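**Q** Take a look and give me a structure for this.
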Amino acid sequence: MIKANSGWSALFTDGTIATLQIPLKLQLATKPSRLLVRILKYKNGQYKLQSQHGRLAGRFQGGELNSIDPSISNLLGNSIRTELEKKAGKEVTIRFPAAVAKENNCGSINSAQKAGRRQQNRP
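**A** Below you'll find the predicted structure:
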């Protein structure tokens, strides 16, 4: 166990499947609140993550991750690549909001939220 963000977090090993919390600001009401990810590397209390849509830019705290049952992780983790995608010798990364938008099968989260507000304002 490690101490991060004034609380105890589980230590995930490289290659395991976990879920990453999507902040409320990026969530849509009818869509999942967690994104399925594969742990690529652990360093200094932070994790490098890979989603189904590509490697997530930046690093994430262990407190934002939840473990899933190992019997289900093989089934769910098949869609997440184990090898990084490279272009011109560099890792291809995707920003977290873009990964959430791709997971929700919509444009940006802001455009979806604006469309919902417009429909509520109409009589």
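
**Q** Quick check: buried residues in the longest strand along the chain?
**A** Of all segments of type strand in the chain, defined using DSSP state E, the longest is strand 34-43. Applying a neighbour-count criterion of 16 or more other CB atoms under 10 Å, one finds 34-40, 42 buried in strand 34-43. Yep, even glycine has a C-beta here, placed from its N, CA and C like the rest.

**Q** Stretch 90-108 too?
**A** Using 16+ other CB under 10 Å as the burial criterion, the residues of stretch 90-108 that qualify are 93-94, 96, 98-104.

**Q** Centre of the chain to it, how far?
**A** From the chain centre to the centre of stretch 90-108 is a distance of 9 Å (CA atoms, centre = their mean, to the nearest Å).

**Q** Check what pLDDT residue 20 gets.
**A** According to the per-residue confidence, residue 20 scores 89 in pLDDT.

**Q** need the strands for the chain, in chain order.
**A** Read by DSSP E, the chain holds these strands, from start to end of the chain: 2-4, 7-9, 17-21, 34-43, 46-51, 54-56, 60-61, 65-67, 86-87, 90-91, 93-94.

**Q** how about the ones you listed, which one is nearest residue 118?
**A** Across these, the minimum distance to residue 118, taken as CB to CB, is reached by strand 34-43, at 26.7 Å.
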